[in-house]
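Colleague: Need a 3D model of the following:
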Amino acid sequence: MPSFKIDLSSAVVFVATAPEPKMANKKTGERAIDRDTGAGLSTVGLLVSDEGEGNLYQVTVPETGYPEGLMPGMPVKVVGLKARDWENTFNGEKRHGISFRAVAITPAA
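Modeller: Below you'll find the model as predicted:
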């Protein structure tokens, strides 16, 4: 499926929730892995404020793409943010949504 770049050049972005390991299988505890680099994936909650509107996004990022110590309230810059739509069937029920993925999250200067 195609992905779409998201321009955050005029946005203010804050960490809403600290990075947590993303699970490929919650029952077995298997961690999600980046297919290209082999790095473990994490999910970070980000509050994005732009043009008078604020939104909370759960963003997947490789564990090599963010520094230790990201904490709620920290202003950050997001590198390479993309959105992708998805659709799956879980327990016979169709679900769909939009997933967000970034190359890196760094503290704002």
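Colleague: make it CA atoms for all contacts and neighbour counts henceforth
Modeller: OK.
Colleague: how about low-confidence regions in the protein?
Modeller: 1 (pLDDT under 70).
Colleague: now the strands for it?
Modeller: 3-5, 12-21, 23-25, 30-31, 41-50, 53-62, 75-79, 82-90, 93-101, 104-107 (DSSP state E).
Colleague: Tabulate those in JSON lines, adding columns for distance to G69.
Modeller: Compiled in JSON lines, the strands of the chain are given as follows (distance: least, C-alpha to C-alpha, whole Å):
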{"stretch": "strand 3-5", "distance to G69": "27"}
{"stretch": "strand 12-21", "distance to G69": "8"}
{"stretch": "strand 23-25", "distance to G69": "21"}
{"stretch": "strand 30-31", "distance to G69": "20"}
{"stretch": "strand 41-50", "distance to G69": "12"}
{"stretch": "strand 53-62", "distance to G69": "15"}
{"stretch": "strand 75-79", "distance to G69": "12"}
{"stretch": "strand 82-90", "distance to G69": "24"}
{"stretch": "strand 93-101", "distance to G69": "20"}
{"stretch": "strand 104-107", "distance to G69": "10"}
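Colleague: Give me the phi and psi for the residue of the chain most remote from its centre.
Modeller: Here the chain reaches farthest from its C-alpha mean at G92, the gap being 26.8 Å by C-alpha atoms, centre = their mean. G92 adopts backbone torsions of phi 80, psi 0, taken as degrees, to the nearest 10.
Colleague: all numbers from here: first residue = 216
Modeller: Got it, the first residue is 216 from now on, which makes the last one we talked about G307.
Colleague: Tell me what E268 is bridged to.
Modeller: D265 (DSSP bridges).
Colleague: what's the burial count for it?
Modeller: E268: 8 surrounding residues under other C-alpha atoms under 10 Å.
Colleague: Repeat that for H311.
Modeller: 10.
Colleague: who touches D249 in this structure?
Modeller: G255, L256, P277 (C-alpha atoms under 8 Å, 6 or more residues apart in numbering).
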